[in-house]
Structure formats: structure tokens, C-alpha cells
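Colleague: Have a look at this fold, sequence not included:
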């Protein structure tokens, strides 16, 4: 049974932390060596990780331990998840720019690099907002500890290996009370965690326990991958994983659960509503377009395009088009005003029908490629290889990109 390209659902009734997420993903079927290799590729060594089976309130789960820079094993997951006793001299912390440089300069797969940076960026943005500083000046405390770096990169590698077609999450239990951290005594939910989930428009609750249930790292992982918040959608479960936290909770298992499976809908297509945002811009340098597009995608855009147009007085100009969900409309609009010279936008509500997609990994003579497959019934009507995978193989093997693309499409069609 292939685990790639399925729907992935998170159950967060006991919250989520980075190590719990990594344990759940390993428990659902991701080989632990996938995580160890990613940690090694970023220069942290494969021996950082210890994976073991545990039982939490009668539930079998996977617990992940991280060896820190002083040679000690870091026990974390709720309350003691790098938010406690950080001034005891036993933890080394890392600046945001140092973490980014380390990841960007690593031999990680492009998809793992992209997701790892997206997770760290969300924590950095929350820290910057919380402390009233620019992103460039953020100095990490909790999330800079070596265990959190391992958590983020390990989860990114595991999620990249699974390549889920979609991801959903239940409302997130956050906890309540106070927690001791590098900034002193802070309320629970921690300011960074609740800011991250606020921006992601995630439903949250206190979970009924006076303890930190959701850490900033856990919140950032969810915010970076979840495409649907709420109850688990109709699906046929194929694999279930439990990731353990270290503390014993008084009224429930201290685990996060992930469920992997196929949507149970009998149709090959789904209909939904999107918002088209458009603007005509005649005073913006084309040099700014690429970065603006990246920021719009980061803000939640489903698609972004530029069109050459001619405006009044014969001026060459650009037409900006963006598609996004209704929930992302305000964030995307804010990004347009921030990253372009537009002073106004137009909205159009649109209905659309899209084929259901899944991600499958295929083997070619050049290497492994992730392919996005769309079907009508059981028939493949489109197979689109992931560009970054093909590009990396073309460079590594010294062949043309089109040959790698063609080999991936052929392999996906044969595998169907």
C-alpha cells in the first residue's frame, strides 16, 4: 500500500508540539531514516534522534527524543517543550538568519527546504509582531534550541515524503494558565503560538487543562500545511499514527493523532468557491514582480499571474490576477498593497470545479520524482511532475529537463 499522495488529518485534542508531530508521522508510516537523513543533510548528525514505542493512557504511540548540543537528551512535548528552564546554560540558541542560512546551504531536497523555511518564517513573523521588531532582527529563544530545529526539519522531511494531496486539522487544544520561558512568565496559550494560529484562521480552544498544550513549533507546522480546518472529512482511513508527548495528562492520552487515507467521495471532481482579485498597475518596476508573486502565494494565493496590458495615454502596464479562497482574501489583499504599487483592487466571486488530485512518487532512470496526478474515474487525465524534483535530477544527471519530465510522466502512466 502506498502512503504517498493521500489526505492527511490531524487530531489535536491534546494539542501539538514539534516532537509529537514527528512521532505521529513516523508512526503513520514514514521511515525514521527519512527523518534521520534530513537531519544529517543539514549538518546536525543522524544520531540526534531516538525513536521508541511508548504507551500513553492505553494508546500505543511513537515518542521521539532529540539529543541536544550538550550531549543530553531533550525531553519535551507540552510545557517542557523548550519553553522551560532556558536560562540554565544547557541550551544553545540560534539566530533566525543563521537557521535560514543553514537550511538554504544544505543538501536537503528543495521541497524540504521550502517547507522548513515556511515553518520557521511563521514563527519568526509571530515573534517579530509580538516584540514589535522587524523580521530581520528577530533573535529566537525557544524555537532556536537544537531540538526545535530538528523537529522542524524532521517534520518537513516526513511531510515531503508523504506528499499529501490535502491536509486537514481538528480545532487545536491550546491549554491555559502560565508558562516559564526565556521572556519570563507568559500566559498560555503562548503569544507566538496563538498569533501563528490567528493568522492561519485556525479554530482553537483551551482544551480544559492548565498546561501548555500547543507550542509555537507545533502551531507553525500546522499553519504551514493545513488546507482545511474543522472536523475530519469523509475518508477511508488507510494508516493511523500517534505521536507522544512526555507528560502524563490527567484526563486523556498525551498524543497527537494523524489519519492517512483516501477521500470517500465517489466523484472525481469537487466544486468550491474562490475569489479572483485583480488590479491594473502602470507605475511598478518589473523587477518587483517575482518577489511580489512569492509573497502572494505565501499569503494564501492559489494562483498568481501577470498580464501585459496598455492603459490610458498608451502606457505599457501590468494586469495582476490572483485566485484565493474566501478565508485568505484579506491576507492576500494586504500582501498586494504591501508588495505592489497598486492603490486599489477588484473582487469577483467565482465558482469552480476541479478534478481531485493526488501526489504519487515514481521511479525513473534519473531518480525519484513526485508527480501530481488528476483522474476522471480511474483514468489518468493529467500527470504533472514536480518541477523542483525534475530540475534537481536534470542538474545532477547532466540531462535536459524535458527528458526528466517525459520519463516521470511515462512512469506515472505505467504505474496507474
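Modeller: Ah, there it is. Just so we're clear, the structure is a prediction, and the values are computed from it rather than from any experiment. Numbers count the residues shown, from 1 in each chain.
Colleague: Which strand or helix spans residue 54?
Modeller: If you go by DSSP states H and E, residue 54 is part of strand 49-56.
Colleague: so where's the stretch 201-350 of the chain shaky on pLDDT?
Modeller: Counting by pLDDT under 70, the stretch 201-350 of the chain shows low-confidence ranges at 264-269.
Colleague: Sketch out the helices for it, chain order is fine.
Modeller: Under the criterion DSSP state H, counting those that start in this stretch, the stretch 201-350 of the chain carries helices at the ranges 216-225, 289-299, 329-339.
Colleague: and the helix or strand harbouring residue 193, what does it pack onto?
Modeller: According to DSSP H and E, residue 193 maps onto helix 191-199. Packing partners of helix 191-199 (3 or more CB pairs under 8 Å, 6 or more residues apart in numbering; DSSP states H and E): helix 110-131, helix 216-225. Quick note: C-beta positions are derived from backbone N, CA and C, even for glycine.
Colleague: out of the ones you listed, deepest packed?
Modeller: Burial of those is given as mean neighbour count (mean count of other CB atoms under 10 Å); helix 216-225 ranks first at a mean of 28.
Colleague: Which secondary structure elements does that one sit against?
Modeller: Based on contacts counted as 3+ CB pairs under 8 Å, 6+ apart, the elements that helix 216-225 packs against are helix 18-28, helix 110-131, helix 146-162, helix 191-199.
Colleague: who's in contact with the residue sitting furthest away from the middle of the chain?
Modeller: In the chain, counting by CA atoms, centre = their mean, residue 313 sits farthest out from the average C-alpha position, at 45.4 Å. By CB atoms under 8 Å, 6 or more residues apart in numbering, residue 313 lies in contact with nothing.
Colleague: go on, the one 5 residues further on?
Modeller: If you count contacts by CB under 8 Å, 6+ apart, residue 318 has them with 280, 281, 282, 284, 286, 289, 306, 307, 308, 309.
Colleague: My understanding was that the third one contacts residue 311; is that so?
Modeller: Yes: under the criterion of CB atoms under 8 Å, residue 282 lies in contact with residue 311, with a separation of 4.8 Å.
Colleague: overlap in contacts of these two?
Modeller: Taking CB under 8 Å, 6+ apart as the contact criterion, the common neighbours of residue 282 and residue 311 are residue 317.
Colleague: Find the nearest non-adjacent residue to residue 369, please.
Modeller: In space, not counting the residues next to it along the chain, residue 369 is nearest to residue 408; the distance is 4.0 Å by CB to CB, 6 or more residues apart in numbering.
Colleague: Now do the helix holding residue 193 and helix 329-339, the angle between them.
Modeller: Helix 191-199 runs at 100 degrees relative to helix 329-339, counting by axes from the mean of the first three to the mean of the last three CA atoms, to 10 degrees.
Colleague: Break this structure into its domains for me.
Modeller: Following the assignment in automatic domain parsing, the chain carries domains at 7-263, 270-355, 357-415.
Colleague: okay, the ones you listed, which one's buried deepest?
Modeller: Ranked by mean neighbour count under mean count of other CB under 10 Å, the domains of the chain are led by domain 7-263, which reaches a mean of 20.
Colleague: re the thing from before, out of the contacts of residue 318, which is nearest to residue 149?
Modeller: residue 289 (33.0 Å; CB to CB).
Colleague: Could you report the distance from the closest one to residue 296?
Modeller: Using CB to CB, to the nearest Å, we find residue 289 at a distance of 10 Å from residue 296.
Colleague: The residue nearest to residue 369 reaches residue 387, doesn't it?
Modeller: No: in this structure residue 408 lies outside contact range of residue 387 using CB under 8 Å: 10.5 Å.
Colleague: The helices and strands packed on helix 216-225 into TSV, with extra columns for distance to residue 49?
Modeller: What follows is the helices and strands packed on helix 216-225, written out as TSV (distance: least, CB to CB, whole Å):
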stretch	distance to residue 49
helix 18-28	9
helix 110-131	16
helix 146-162	7
helix 191-199	24
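Colleague: so which of those helices gets nearest residue 185?
Modeller: Proximity to residue 185 (CB to CB) singles out helix 191-199 among those, at 12.0 Å.
Colleague: which residues are contacting that closest one?
Modeller: Under the contact criterion CB under 8 Å, 6+ apart, helix 191-199 has outside partners 122-123, 125-127, 129-130, 143, 172, 174, 204, 214-216, 218-220, 222-223, 331.
Colleague: Need the residues that contact the helix or strand containing residue 380.
Modeller: Under the assignment given by DSSP H and E, the secondary-structure element containing residue 380 is strand 379-385. Strand 379-385 is contacted by residues 355, 369-375, 404-405, 408-409, 412-413, 416 when judged by CB under 8 Å, 6+ apart.
Colleague: Next secondary structure after it?
Modeller: Stepping forward along the backbone from strand 379-385, the first helix or strand reached (DSSP H and E) is helix 387-397.
Colleague: just how off-centre is that next one within its chain?
Modeller: On the basis of CA atoms, centre = their mean, to the nearest Å, helix 387-397 is displaced by 22 Å from the centre of the chain it belongs to.
Colleague: how many degrees apart are that helix and helix 110-131 in direction?
Modeller: Using the same axes, to 10 degrees, helix 387-397 lies at 130 degrees relative to helix 110-131.
Colleague: any idea of the angle the next helix or strand after helix 387-397 forms with helix 387-397?
Modeller: Reading on from helix 387-397 to the C-terminus, the next helix or strand found by DSSP H and E is helix 401-415. Taking the same axes, to 10 degrees, helix 401-415 and helix 387-397 form an angle of 120 degrees between their directions.
Colleague: Before I go, just wanted to say thanks for your time.
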